[in-house]
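[1] Could you look at this predicted model? Sequence included:
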Number of protein chains: 2
Amino acid sequence: MSNPSEYFKSAASVDNVIFGFDDTDLKVLLIRRGEEPFYGDWALPGDLIAPNENIITAANRILYDLTGLENVYLEQVMTFGEVDRHPKGRVFTIAYFSLVNIKRVFPKASSFANEVSWKTVSEVDQLAFDHLKIMNTCLSRLQTNLRLKPIGFELLPERFTLTELQQLYESVLRKELDKRNFRKKIIKMNIVKDLNVYQTGVAHRPARLYSFDEESYQQALKEGITFEI
Amino acid sequence: MSNPSEYFKSAASVDNVIFGFDDTDLKVLLIRRGEEPFYGDWALPGDLIAPNENIITAANRILYDLTGLENVYLEQVMTFGEVDRHPKGRVFTIAYFSLVNIKRVFPKASSFANEVSWKTVSEVDQLAFDHLKIMNTCLSRLQTNLRLKPIGFELLPERFTLTELQQLYESVLRKELDKRNFRKKIIKMNIVKDLNVYQTGVAHRPARLYSFDEESYQQALKEGITFEI
DNA sequence: CCAAAAGTGTTGTTAGTACACCCATGG
DNA sequence: CCATGGGTGTACTAACAACACTTTTGG
């Protein structure tokens, strides 16, 4: 730190990869930028961290401003800070991903976003800044952790069918799974509660509804069970 | 970004948790600070990132300056940026860990460090700043990844015995392992080469020496084999 | 010849994988 | 009565866990 003033000239931001699941596809919540640079391009929601704001607070703020949600699963993934990644100066961006129940989100446009929309992750091929790289890094991390920790439930409504859970895993991991084996594994893990309640109004045999078992779930989260799928 | 000048006043640094292994214990390379704040305290090696320097470049620079080593395993873990973590201003620090062959390191003091020394990880209970938290976060990550990826070899000399490898795993994971089962697993994974060379000058039956098989190793690294130990 | 660590197989148990048919409902 | 997805069991295979004695060297 030979000349400190040279160093205290960078900014830090949080970019948040908000994942949701809509019964068939993994989605990501994107904004269309309402200001330069990259005016009009799709981008990850994010913002600079205020001088007296902690990182996790900023991450929660971005999520809350866009979705109105609090107490959501949020995981720090990686910091990106290539010298030329931002045209306005040196900006280190700390990438988070979050998992939300898509039906609870009613996205609203804001001062920095003209438009907000859920996009299918596998169809996103261009974003402002280095956001595509950031999104893909977060996707890899989600895929890894989905197999090691029981975090899939965060993407589902409170009551779900085992088929919905299986579709979520298949969609995120991009791999087909055997129905009977999947169910055996989930049941044996002891992290779902059978509610003894059934779907209604479906044109086929109604499925049982489950919720996750909060206590066993917290236990399993800590232990980071191996969920080899 | 209502008033950009307010935001571009923070600094970014890299702190590097350099792990080594000395036949029995997992070690970490620490420096004794030669300047304020925390003058005289033990700390992680780290430095501010220069205005035109990339993050990974800074991480490699810190490692090189302290150890003379290049092309070393380096993994970004997490960014810490509590508002009050640094008394001189807002400093976001990006934590890395690296794995080095301890016998290749001849640590040298530098402008910012009075003293450099290997400390046993399990005995470190106080460090400058929030460095203890950073070290422990990196240790957890190492423990997780040691079980999922074949990175243990990075801590050993080129030629090693299977017993040395086992001791490394036991020491890092803090768990005793069965000798026969451990060997079976390692051999079956196909990532070590039997050199058909033996230890000399030991007061017991000499052990076979192995090196890791670079090609199979790179393959396994990509796949992130499950190495359930 | 003693001390020290190296090296080696088998068996029982558990988890993983592959696979096909009947059931309950709405239209 | 048809279409749709729900729900269930078994047999084979692979991986894991537990466990004890003989070998080779230096001193």
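    Done, it's in. This structure is a prediction, so every number in the text was calculated from the model and none was measured.

[2] Could you pick out the residues of chain A near DNA strand D for me?
    When proximity is defined by Cβ under 7 Å from any atom of the strand, chain A lies next to DNA strand D at A:161-163, A:179-181, A:183-184, A:198, A:203-208. (Each C-beta comes from the backbone N, C-alpha and C, glycine too.)

[3] where in chain A is pLDDT low?
    For chain A, applying pLDDT under 70 flags the ranges A:1-4, A:109-113, A:224-228.

[4] any idea how it splits into domains?
    Here the domain parsing of chain A from automatic domain parsing is A:11-148, A:157-223.

[5] and the ones you listed, which is most packed in?
    Burial of the domains of chain A is given as mean neighbour count (mean count of other Cβ atoms under 10 Å in any protein chain shown); domain A:11-148 ranks first at a mean of 18.

[6] That domain: end-to-end distance?
    Using Cα to Cα, to the nearest Å, the end-to-end distance of domain A:11-148 comes out at 34 Å.

[7] for stretch A:170-188, same thing?
    Stretch A:170-188: ends 19 Å apart by Cα to Cα.

[8] ok, is it in contact with chain B or not?
    No: Stretch A:170-188 lies out of reach of chain B by Cβ under 8 Å from any Cβ of the partner chain, never closer than 13.6 Å.

[9] quick revisit: B:R61: which of the residues of chain A next to DNA strand D is nearest?
    Nearest to B:R61 among the residues of chain A next to DNA strand D: A:N181, at 49.5 Å, using Cβ to Cβ.

[10] any idea how far that closest one lies from A:Y169?
    A:N181 is 12 Å from A:Y169, where distance means Cβ to Cβ, to the nearest Å.

[11] cool, A:P157 as well?
    16 Å.

[12] same check, this time on A:L177
    6 Å.

[13] Common neighbours of these two, please.
    Jointly contacting A:L177 and A:Y169 under the rule Cβ atoms under 8 Å, 6 or more residues apart in numbering or on different chains are A:I229.

[14] Run through the residues that contact the nearest residue to A:W42 once chain neighbours are set aside.
    In space, not counting the residues next to it along the chain, A:W42 is nearest to A:L30; the distance is 4.7 Å by Cβ to Cβ, 6 or more residues apart in numbering or on different chains. Contact analysis of A:L30 by Cβ under 8 Å, 6+ apart lists A:42-45, A:116-119, A:124, A:127.

[15] ok, now with 7 Å
    Residues counted as contacts of A:L30 (Cβ atoms under 7 Å, 6 or more residues apart in numbering or on different chains) are A:42-44, A:117, A:119.

[16] you'd agree it is in a strand?
    Yes: counting by DSSP: H, G, I helix; E, B strand; the rest coil, A:L30 falls inside a strand.

[17] ok, now how distant is whichever residue of chain A sits closest to DNA strand D from A:Y169?
    Nearest residue of chain A to DNA strand D (Cβ to the nearest atom of the strand) works out as A:H204 at 2.4 Å. Applying Cβ to Cβ, the value for A:H204 to A:Y169 is 21 Å.

[18] try A:A12
    A:A12 is 34 Å from A:Y169, by Cβ to Cβ.

[19] so A:A203 is in which element?
    Under the criterion of DSSP states H and E, A:A203 resides outside all helices and strands.

[20] quick one: strands adjacent to the longest strand that chain A contains?
    Secondary structure of chain A per DSSP state E: the longest strand is strand A:11-21. The strands beside strand A:11-21 in its sheet (DSSP bridges) come out as strand A:26-33 (antiparallel), strand A:46-48 (antiparallel), strand A:91-99 (parallel).

[21] any chance of these in TSV, plus distance to B:V100?
    As requested, those are exported to TSV (distance: least, Cβ to Cβ, whole Å):
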stretch	distance to B:V100
strand A:26-33	38
strand A:46-48	35
strand A:91-99	26
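
[22] Dump the ones you listed to TSV, plus distance to DNA strand C.
    Shown next, in TSV, are these (distance: least, Cβ to the nearest atom of the strand, whole Å):
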stretch	distance to DNA strand C
strand A:26-33	22
strand A:46-48	38
strand A:91-99	23
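
[23] hey, where'd the helices end up in chain A?
    Under the criterion DSSP state H, chain A contains helices at A:4-7, A:55-67, A:131-148, A:162-173, A:179-189, A:214-223.

[24] by contact count, what packs against the fourth one?
    Pointing back at helix A:162-173 there. For helix A:162-173, the packing partners by 3 or more Cβ pairs under 7 Å, 6 or more residues apart in numbering or on different chains; DSSP states H and E come out as helix A:131-148, helix A:179-189.

[25] and the longest one, how far from the chain's centre?
    This means helix A:131-148. 9 Å (Cα atoms, centre = their mean, to the nearest Å).

[26] Show me what from chain A comes close to DNA strand C.
    A:178-181, A:184-185, A:198, A:200-206, A:228.

[27] of the helices and strands packed on helix A:162-173, which approaches B:A59 most closely?
    helix A:131-148 (17.0 Å).

[28] can you tell me if that closest one touches chain B.
    No: using Cβ under 7 Å from any Cβ of the partner chain, helix A:131-148 stays clear of chain B, coming no nearer than 7.7 Å.

[29] how much does that helix deviate in direction from helix A:162-173?
    Per axes from the mean of the first three to the mean of the last three Cα atoms, to 10 degrees, the angle that helix A:131-148 makes with helix A:162-173 is 130 degrees.
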